[in-house]
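J.: here is my input; please provide its structure:
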Amino acid sequence: MPIVVDVDVMLARRKMSAGELAERVGITPANLAVLKNGRAKAVRFTTLGALCEVLDCQPGDLLRWEPEPGAAEDAVAAARESG
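T.: The predicted model follows:
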């Protein structure tokens with residue numbers, strides 16, 4: 001998936017455990033693990049806001065877009081076919 005979740009990075013910077021973060025945010029450790037491991041399909045804005053508040057960061061510190069390998073070539077090929 002091209003969206004990468006960097007919760008581990010912020011946890012390390014804040015010297016906080018995943019268990020403490022889950023408790024302070026109000027989510028289960030299992031749901032935090034799903035988010036941290038990149039298996040989440042969505043995240044609620046309320047959860048994202050709580051993560052940012054507890055970690056004292058911005059959403060962009062937790063989420064980033066990374067193109068999938070070959071995505072640029074696929075986009076160029078599709079543009080050539082349509083135009």
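J.: contacts made by stretch 9-27 with the rest, please.
T.: 7, 28-29, 31-33, 36, 47, 50-51, 54-57, 61-62 (C-beta atoms under 8 Å, 6 or more residues apart in numbering). (C-beta placed from N, C-alpha, C; glycine too.)
J.: of those, buried ones?
T.: 7, 32, 36, 47, 50-51, 54-55, 57, 61-62 (16 or more other C-beta atoms under 10 Å).
J.: coming back round to it: just the ones of the contacts of stretch 9-27 in strands?
T.: Per DSSP state E, strands hold no members of the contacts of stretch 9-27.
J.: about what we covered before: could you pick out the one among the buried ones among the contacts of stretch 9-27 with the lowest pLDDT?
T.: Least confident entry in the buried ones among the contacts of stretch 9-27, by pLDDT: K36, with 93.
J.: in this structure, what spans have low per-residue confidence?
T.: 1, 71-75, 83 (pLDDT under 70).
J.: quick one: the helices in it, in order.
T.: 7-14, 18-25, 29-36, 45-55, 59-62, 71-82 (DSSP state H).
J.: contact partners for the residue positioned nearest the centre of the chain?
T.: When C-alpha atoms, centre = their mean is applied to the chain, the residue found nearest the centroid is V5 (2.4 Å). By C-beta under 8 Å, 6+ apart, the contact set of V5 is 35-36, 38, 40, 62-63.
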